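In: I would like to see how this sequence folds:
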Amino acid sequence: MTETSTVSWTAPGPGPWEAEGTHFPKPIPRFGRAGIRRAFMSGFAEGTARYGLLLSHFEVEFVNGFWYQQPAAFGAPKGAKGPPPGPVLWLLTRLHPGMRARIRASRDAFANKVWREDLRRWDEVDKPAALKRHATLLAVDLAVCDDETLATHLREVDAHTEAMVGLHHKYTIPCILPVGDLMAHVADWTGESPSSILEMLRGSTPISRGILAEELTALASAVRGDARARELLTSSDAAGAIAELCAARRRRERRPRVLRCHRASRGRLRDLVEVGGRDARDAAGRCAGHRQWRGQ
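Out: Just a heads-up that it's a prediction; the model follows:
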């Protein structure tokens, strides 16, 4: 006899819940997910508080391993299904101390352009510290770790992952709020669509080209200048092409690492070779985005 079990899909609580399929289309492993959940909510809440948003954060729960979330408005009871009646909301925004402080913070954020301060802090403090910690953890040779050392290392990696998720979502608001404000104003002034407005920002800063943009630009330049490399990129044997490129003496140090990151992007790497200048940098950003999306 074969036993079967019924999977129950029960809402994790009152109110609306939405499956987060963009970042997590599959069930999330148990290892580390509690910390990711905590950091996502706390980091997001820290960012919205700084900018005075009336959205506090997103509540997160797991159903059969899948990530579900619901928006949590500032001051609203858990599981609220919508805003309070208009007159009640009007009174809250004028009488509730926390709500008034939130609105004042939003006004001050725009008046003082605090996202510029956040950008400086990211560039000068948080990003260097994060990269330093990344390097420390990556330098651990797992092959020589005994059980106790390995367990300690895993705990440190877990804690660092949680800290980075919190940092990421703390900076979500200063990343999107000024851009959204710009889009709203430009759309009002010109009648252009949001996609057209965003297009003018493409390539305006190094980070807008995506992660690894600098490395991919250097890689594209090297491949364009190597006839054998260009030939390999037209080969149908993607694995063999990557292996030979990585073995080339001229592509040691950082370039082989980039190539390994893009095993599934052979066609996009070929695009990098065929274009030049700013187009090459834009293609590099798209290639890097593909790596993120594929989780490779």
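
In: Where does the prediction get shaky in the stretch 1-150 of the chain?
Out: Where the stretch 1-150 of the chain drops to pLDDT under 70, the residues are 1-5.

In: Tell me where the chain has helices.
Out: Using DSSP state H, the helices of the chain run over 33-51, 86-95, 97-112, 114-121, 127-138, 147-170, 172-190, 194-199, 213-224, 227-233, 238-247, 254-261, 266-274, 277-294.

In: Mind putting those into TSV with mean neighbour count and distance to residue 67?
Out: Yep, even glycine has a C-beta here, placed from its N, CA and C like the rest. Output for those, formatted as TSV (neighbours: other Cβ atoms under 10 Å; distance: least, Cβ to Cβ, whole Å):
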stretch	mean neighbour count	distance to residue 67
helix 33-51	19	8
helix 86-95	11	30
helix 97-112	14	27
helix 114-121	15	26
helix 127-138	12	23
helix 147-170	15	12
helix 172-190	15	16
helix 194-199	13	27
helix 213-224	19	29
helix 227-233	15	37
helix 238-247	16	32
helix 254-261	17	25
helix 266-274	19	28
helix 277-294	17	17
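
In: Apart from its neighbours in sequence, what residue is nearest the residue nearest in space to the middle of the chain?
Out: Centrality entry for the chain: nearest residue to the mean C-alpha point is residue 168, 6.8 Å, by Cα atoms, centre = their mean. Nearest residue to residue 168, sequence neighbours excluded (Cβ to Cβ, 6 or more residues apart in numbering): residue 43, at 6.7 Å.

In: and that neighbour, what does it touch?
Out: For residue 43, the contact set (Cβ atoms under 8 Å, 6 or more residues apart in numbering) comprises 165, 166, 167, 168, 169, 170, 172.

In: Rebuild the helices of the chain as TSV, extending it with distance to residue 64.
Out: Listed next are the helices of the chain as TSV, based on distance: least, Cβ to Cβ, whole Å:
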stretch	distance to residue 64
helix 33-51	13
helix 86-95	36
helix 97-112	36
helix 114-121	37
helix 127-138	31
helix 147-170	22
helix 172-190	27
helix 194-199	35
helix 213-224	38
helix 227-233	42
helix 238-247	35
helix 254-261	31
helix 266-274	34
helix 277-294	24
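
In: what about those helices, which gets the closest to residue 8?
Out: Closest of the helices of the chain to residue 8 is helix 33-51, at 19.3 Å (criterion: Cβ to Cβ).

In: Can you show me the CA trace of that closest one as PDB?
Out: The C-alpha trace of helix 33-51 is given here as PDB (Å, rounded to 0.1, in the frame of the first residue of the first chain):
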ATOM      1  CA  ARG A  33      15.400  31.300   6.200                       C
ATOM      2  CA  ALA A  34      14.400  32.500   9.700                       C
ATOM      3  CA  GLY A  35      17.200  35.000   9.700                       C
ATOM      4  CA  ILE A  36      16.300  36.200   6.200                       C
ATOM      5  CA  ARG A  37      12.700  36.700   7.200                       C
ATOM      6  CA  ARG A  38      13.800  38.700  10.300                       C
ATOM      7  CA  ALA A  39      16.200  40.800   8.300                       C
ATOM      8  CA  PHE A  40      13.800  41.500   5.500                       C
ATOM      9  CA  MET A  41      11.200  42.900   7.800                       C
ATOM     10  CA  SER A  42      13.500  44.800  10.100                       C
ATOM     11  CA  GLY A  43      15.600  46.300   7.300                       C
ATOM     12  CA  PHE A  44      12.600  47.400   5.300                       C
ATOM     13  CA  ALA A  45      11.000  48.900   8.400                       C
ATOM     14  CA  GLU A  46      14.200  50.900   9.200                       C
ATOM     15  CA  GLY A  47      14.300  52.300   5.700                       C
ATOM     16  CA  THR A  48      10.600  53.300   5.600                       C
ATOM     17  CA  ALA A  49      10.900  54.900   9.100                       C
ATOM     18  CA  ARG A  50      13.800  57.100   8.000                       C
ATOM     19  CA  TYR A  51      11.800  58.400   5.000                       C
END
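
In: so how far is it off the chain centroid?
Out: How far helix 33-51 lies from its chain's middle: 13 Å, per Cα atoms, centre = their mean, to the nearest Å.

In: Could you check the angle it makes with helix 114-121?
Out: Inter-element angle recorded for helix 33-51 and helix 114-121: 130 degrees (by axes from the mean of the first three to the mean of the last three Cα atoms, to 10 degrees).

In: Nearest to residue 139, out of the contacts of residue 43: which one, please.
Out: Checking these against residue 139 with Cβ to Cβ, the nearest one is residue 167 at 20.8 Å.
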